[in-house]
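>>> Just the structure for this:
(chains A and B)
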Amino acid sequence: MERTEELFEKIERYLDKTLSEEVTIAFEKEMSTNPELKLEVDKHRELHNVLSNKDVLDFKEKLQKIGEEVKKEKLEETKTSFFPYLKIAASVVILIGAGTLLWNTFNSSNDFSNLYTSYYELYPVEDVTRGDVLDQLDIVMKNYAQGNHDKVITELEENASLVSSEQLELYLGNSYLQVGKEKKALLQFEKINDNSQYYEDANWYQALTYLKLGETNTSLEILERIIRFDGIYKEKAIQLKEDLE
Amino acid sequence: MSINEERKILEGIAAGDAKVIKSFYKDNYNYIKGYILKNSGDDVDVEDVFQDAMIVIYQKLKSGTLEMNVSIRTYLYAVCKNIWRSRLRKNKKIIIDNDAIEANEEIEASIAEEIENKEREHVYRKYFLKLSDTCKDLLNLVFDGNSMKEIANITGYSEGYTRKKKFECKKSLLEKIEKDPMYKELKITSLKE
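Here you go, the predicted structure:
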């Protein structure tokens, strides 16, 4: 059914009860034989009912505003808890002077570790259980969700055939990250190629893994790729890139 | 939390007190976040669920139908959990971490049905608030029951333009709502004239 100005006007006048009695009866008759029209009228009625409650709408707007404020404050806290480390590291380097490259590297990796912690979130559990391996995978995913990453790794390493999807590569990679096996994590993420729907996820976790390893140049290169990709990680990538620079 | 503190939070939410709401928001957001992220959700889902749960509580407080046999926090968790479970079911995803959130069977059952009825409302509001300011202002005047002539007087637009703009805004809103996968899963219920 085509939506037109005239149709909307008629529906609104019907709901407002400002149509003449004759037109109202005809319209109701039409609705009784035309379910599409009836559905359209129902939608308009519900839309009006819900949205005329201004009080609840205002409350929702208030919540959105508060949500934004809380997010912003959290980001600020992350930044302020990160930058003092940088400042301290810089002061130490100046004081000790040249020949303290080792020191500097050590401190920097500490800073990167903080930055990594503030950006890293475990890849969330989704429905990956399929077919006759359901039980076995189910157990792996339960362990993953409960943070038993050692068990996830043991199970998936012993039964390599279980890692049958790119999503599982991501889970295994995340479990490696959780137990401090960054190089192995990278190998998992690198298996996901650019045709995959998980390519962006894989890139994001690669960038974070290099960050954790203190290889910021590689991390930055990947972040730029994510930004060009223009997907769901773009904003985070821009933010992390700014923090790194 | 003492009864007094509980009461202050409830009164604050009902009155729309931004300070109380913000403090409550900060105290409980991460807990809900943990549950949703563990169960196939992302940050956007967390925000949607948390805010929609707060709206359910707000509406119940305003209508005087909130019967609290448990703490406000337990109640919020139960509402969030039910909203998220309902959305997961509709997206046909499984729930791995079934008991990760504090549960209270007594309030579970009563909440579940109510959540189902509120889901459509959340979709309507979500997309309405995403419209341009012009569309929001115009449609607010329409929903307040103003005639096209009255709206034209208030906004300074011509009556013809007001009519056309109102149609475009409403059509675009309906189209956005209909595209939401949640909306497709929901049946039109409780339609009262």
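>>> Name the helix or strand for B:K62, please.
Counting by DSSP states H and E, the secondary-structure element that holds B:K62 is helix B:43-63.
>>> Also B:C169?
Using DSSP H and E, B:C169 sits in helix B:159-179.
>>> any idea which helix or strand carries the nearest residue in space to A:Y210 that is not next to it in sequence?
Distance criterion CB to CB, 6 or more residues apart in numbering or on different chains; nearest residue to A:Y210, sequence neighbours excluded, is A:S219 at 3.9 Å. Yep, even glycine has a C-beta here, placed from its N, CA and C like the rest. Take DSSP H and E as the rule and A:S219 turns out to sit in helix A:216-229.
>>> for A:K142, same thing?
Under the criterion of DSSP H and E, A:K142 resides in helix A:134-145.
>>> quick one: least confident helix or strand in chain B?
helix B:181-185 (a mean of 71; mean pLDDT, DSSP states H and E).
>>> Domain map for chain A?
Domains of chain A are assigned by automatic domain parsing as A:5-51, A:70-119, A:131-244.
>>> what's the most buried one of these?
With neighbours defined by mean count of other CB atoms under 10 Å in any protein chain shown, none of these is more surrounded on average than domain A:131-244, at a mean of 18.
>>> Flag the shaky bits of chain A, pLDDT-wise.
Within chain A, the segments meeting pLDDT under 70 span A:78-110, A:126-134.
>>> Could you tell me which residues within the helix holding B:C169 count as buried?
B:T162, B:R163, B:K165, B:K166, B:F167, B:C169, B:K170, B:L173, B:L174, B:K176, B:I177 (16 or more other CB atoms under 10 Å in any protein chain shown).
>>> how about that helix, does it reach chain A?
Yes. Remark: helix B:159-179 sits within contact range of chain A at B:R163, B:K164, B:K166, B:F167, B:K170, B:K171, B:L173, B:L174, B:I177, by CB under 8 Å from any CB of the partner chain.
>>> by contact count, what packs against the one helix or strand B:E6 maps to?
Applying DSSP H and E as the criterion places B:E6 in helix B:3-15. With contacts taken as 3 or more CB pairs under 8 Å, 6 or more residues apart in numbering or on different chains; DSSP states H and E, helix B:3-15 sits against helix B:18-38, helix B:43-63, helix B:72-90.
>>> Mean neighbour count, those: which tops it?
Among the helices and strands packed on helix B:3-15, judged by mean count of other CB under 10 Å, the one packed with the most neighbours on average is helix B:72-90 (a mean of 21).
>>> right, is whichever helix or strand comes after that helix up against chain A?
Toward the C-terminal end, the helix or strand that comes next after helix B:72-90 (DSSP H and E) is helix B:105-128. Yes. Contact of helix B:105-128 with chain A (CB under 8 Å from any CB) involves B:R120, B:E121, B:Y124, B:R125, B:F128.
>>> okay, those in a markdown table with neighbour count and pLDDT next?
As requested, the residues of helix B:105-128 next to chain A are arranged in a markdown table below (neighbours: other CB atoms under 10 Å in any protein chain shown; pLDDT from 0 to 100):
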| residue | neighbour count | pLDDT |
| --- | --- | --- |
| B:R120 | 20 | 85 |
| B:E121 | 19 | 89 |
| B:Y124 | 22 | 94 |
| B:R125 | 21 | 94 |
| B:F128 | 22 | 95 |
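>>> on that earlier part again, tell me the mean pLDDT for the helix holding B:E6?
Average pLDDT, helix B:3-15: 89.
>>> Show me which positions of it end up buried.
For helix B:3-15, burial by neighbour count (16+ other CB under 10 Å) applies to B:I9, B:L10, B:G12, B:I13, B:A14.
>>> so how far is that helix from its chain's centroid?
Relative to the chain's own centre, helix B:3-15 is displaced by 20 Å; criterion: CA atoms, centre = their mean, to the nearest Å.
>>> between that helix and helix B:72-90, how many degrees?
Using axes from the mean of the first three to the mean of the last three CA atoms, to 10 degrees, the interaxial angle of helix B:3-15 with respect to helix B:72-90 works out to 50 degrees.
>>> Distance of B:L141 relative to chain A?
Separation of B:L141 from chain A (CB to the nearest CB, to the nearest Å) stands at 11 Å.
>>> Skip the chain neighbours and tell me the closest residue to that residue.
The shortest distance from B:L141 to any non-neighbouring residue, by CB to CB, 6+ apart, is to B:I151 (4.7 Å).
>>> How many residues are close by that neighbour?
Using other CB atoms under 10 Å in any protein chain shown, the number of residues around B:I151 comes to 22.
>>> which secondary structure element contains it?
For B:I151, the element it lies in under DSSP H and E is helix B:148-155.
>>> Which positions in that helix come out as buried?
Buried residues in helix B:148-155, counting neighbours by 16+ other CB under 10 Å, are found at B:M148, B:I151, B:A152.
>>> Make a markdown table out of those residues and add pLDDT.
Below are these laid out as a markdown table (pLDDT from 0 to 100):
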| residue | pLDDT |
| --- | --- |
| B:M148 | 90 |
| B:I151 | 93 |
| B:A152 | 93 |
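>>> Closest one of those residues to A:Y176?
Proximity of those to A:Y176, judged by CB to CB, is greatest for B:I151, which lies at 60.7 Å.
>>> The closest one reaches B:V142, doesn't it?
Yes. The pair B:I151 and B:V142 qualifies as a contact (CB atoms under 8 Å) at a distance of 6.9 Å.
>>> which residues do the two both contact?
B:K166 (CB atoms under 8 Å, 6 or more residues apart in numbering or on different chains).
>>> Can you pull the phi and psi angles for the residue located most distally from the centre of chain B?
Among the C-alpha atoms of chain B, the one most distant from their mean position (CA atoms, centre = their mean) is that of B:S158, at 34.7 Å. Backbone dihedrals for B:S158, given as degrees, to the nearest 10, come out at phi -70, psi 160.
>>> cool, A:L177 as well?
phi -60, psi -40.
>>> which residues touch stretch A:42-54?
With CB under 8 Å, 6+ apart as the criterion, stretch A:42-54 contacts A:8, A:11-12, A:15, A:57, B:120-121, B:124-125, B:128, B:139-140, B:143-145, B:170, B:173-174, B:177, B:188, B:191-193.
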